[in-house]
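Visitor: for reference, the sequence and a predicted model appear below.
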Amino acid sequence: MRYVLSKEGRRALRTLTTRPILYAFDFDGTLAGISSDRGSVKLSRSMHEWLSKLAKKVPCAIVSGRSLSDLMPRMNGAVPYLIGNHGVESPLTPPAALSVAESVCQAWMKRVNTDFARPLKIADVEVENKRYTLTFHYRGAEKPARVRKELVLLLNRLTPAPRLIFGKASVNVLPPGKDGKGPAGLALMHHLQQTGLFFIGDDETDEDVFELSEGLAMGVRVGRYAKSRAQYYLNDQGELEEVIRFLVHRIDRTSESIDANNRDTRDRKREAHGL
């Protein structure tokens with residue numbers, strides 16, 4: 001992995017701004033810090049300001065594990081495109097697919113509230129029902145590795161068999177299918193007629209994007225992690241704002257350069273025709 005704010009990383013970012021790119025970001029741990037109180041997490045004023053500036057210049061999206069109803073007020077209109085529930089909720093998701101996902105989660109919750117209630121309480125696991133997906137949080141567990149292993153055994157008893165995506169002290173449970181942050185981000189990129197996807201995320205749930213075999217122009221992971229498929233990394237979440245500021249300034253310069261070149265071309269044509 002290469003440091004994205006190094007000379008080499010900045011060169012790669014500059015090259016990126018010359019192409020039609022969809023700029024996408026994870027929310028928790030990326031745009032905003034991680035907190036045990038999930039309800040209190042929000043964008044800083046400066047992050048909202050710079051992200052809004054970027055979104056006015058290029059297509060931008062948020063690709064999050066949160067539900068859209070949870071994510072929308074936290075973004076407060078900073079970007080136009082939101083993808084929630086690990087890709088299940090997207091501007092491109094057919095209503096019928098959402099209906100199926102909701103029905104599956106309702107059936108799972110009945111099992112969770114009956115057969116699974118006692119073991120989950122003993123393990124101090126909190127269940128978050130996000131309508132179309134579920135997340136099982138175990139941040140306060142004394143033996144997290146053991147709890148995670150027991151959770152997997154438990155969740156694999158659900159019908160239909162779920163897709164499990166691991167996060168920071170959490171297990172995300174998705175209905176069966178091909179939904180995921182990677183496919184959802186890629187589909188939006190194609191829909192917006194962009195030639196590449198730029199994405200920054202911070203944990204295992206974001207590897208679904210970093211592992212894309214096509215379309216990913218640059219992947220950046222918050223926190224260096226040797227096993228990540230991201231090509232670049234940031235040291236911590238606090239450095240992300242510098243990346244966004246850099247992109248805004250470079251896109252401005254690229255636009256000015258293109259405008260100047262276009263003016264020069266028009267002037268030469270006028271001169272050639274004696275105008």
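Guide: Arrived safely, thanks for sending.

Visitor: lowest-scoring secondary structure element of this protein by mean pLDDT?
Guide: helix 240-272 (a mean of 67; mean pLDDT, DSSP states H and E).

Visitor: so where do the helices sit in the stretch 1-150 of the chain?
Guide: Secondary structure of the stretch 1-150 of the chain by DSSP state H, counting those that start in this stretch: the helices cover 7-16, 45-55, 68-75, 95-114, 117-122, 144-155.

Visitor: adding distance to Leu31, mean neighbour count and mean pLDDT, write those helices out as TSV.
Guide: All C-beta spots, glycine's among them, are computed from the backbone N, C-alpha and C. Below are the helices of the stretch 1-150 of the chain laid out as TSV (distance: least, CB to CB, whole Å; neighbours: other CB atoms under 10 Å; pLDDT from 0 to 100):
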stretch	distance to Leu31	mean neighbour count	mean pLDDT
helix 7-16	17	15	96
helix 45-55	6	17	97
helix 68-75	9	17	96
helix 95-114	25	15	96
helix 117-122	30	12	93
helix 144-155	25	15	94
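
Visitor: dump those to a markdown table, plus distance to Arg245.
Guide: Listed next are the helices of the stretch 1-150 of the chain as a markdown table, based on distance: least, CB to CB, whole Å:
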| stretch | distance to Arg245 |
| --- | --- |
| helix 7-16 | 11 |
| helix 45-55 | 6 |
| helix 68-75 | 19 |
| helix 95-114 | 36 |
| helix 117-122 | 43 |
| helix 144-155 | 36 |
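
Visitor: who wins for proximity to Tyr233 among those?
Guide: When the helices of the stretch 1-150 of the chain are compared by CB to CB, helix 7-16 sits nearest Tyr233, at 9.0 Å.

Visitor: show me what that closest one is packed up against.
Guide: Applying 3 or more CB pairs under 8 Å, 6 or more residues apart in numbering; DSSP states H and E, one finds that helix 7-16 contacts strand 2-3, strand 216-222, helix 240-272.

Visitor: mind doing that once more with 10 Å?
Guide: Helices and strands touching helix 7-16, as assessed by 3 or more CB pairs under 10 Å, 6 or more residues apart in numbering; DSSP states H and E, comprise strand 2-3, strand 196-201, strand 216-222, strand 232-234, helix 240-272.

Visitor: pull stretch 103-123 out as CSV, backbone CA atoms only.
Guide: Provided in CSV are the C-alpha atoms of stretch 103-123 (Å, rounded to 0.1, in the frame of the first residue of the first chain):
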residue,chain,number,x,y,z
SER,A,103,-39.6,-9.5,4.2
VAL,A,104,-36.5,-11.6,4.7
CYS,A,105,-35.3,-9.3,7.5
GLN,A,106,-38.7,-9.4,9.2
ALA,A,107,-38.6,-13.2,9.2
TRP,A,108,-35.1,-13.2,10.6
MET,A,109,-36.0,-10.8,13.4
LYS,A,110,-38.7,-13.2,14.6
ARG,A,111,-36.1,-15.9,15.0
VAL,A,112,-33.7,-13.4,16.6
ASN,A,113,-36.3,-12.3,19.1
THR,A,114,-37.2,-15.8,20.1
ASP,A,115,-34.6,-18.6,19.6
PHE,A,116,-31.6,-16.2,19.6
ALA,A,117,-32.6,-13.8,22.4
ARG,A,118,-31.0,-15.6,25.3
PRO,A,119,-27.5,-16.3,23.7
LEU,A,120,-27.4,-12.8,22.3
LYS,A,121,-28.1,-11.3,25.7
ILE,A,122,-25.5,-13.5,27.5
ALA,A,123,-22.9,-12.4,24.9
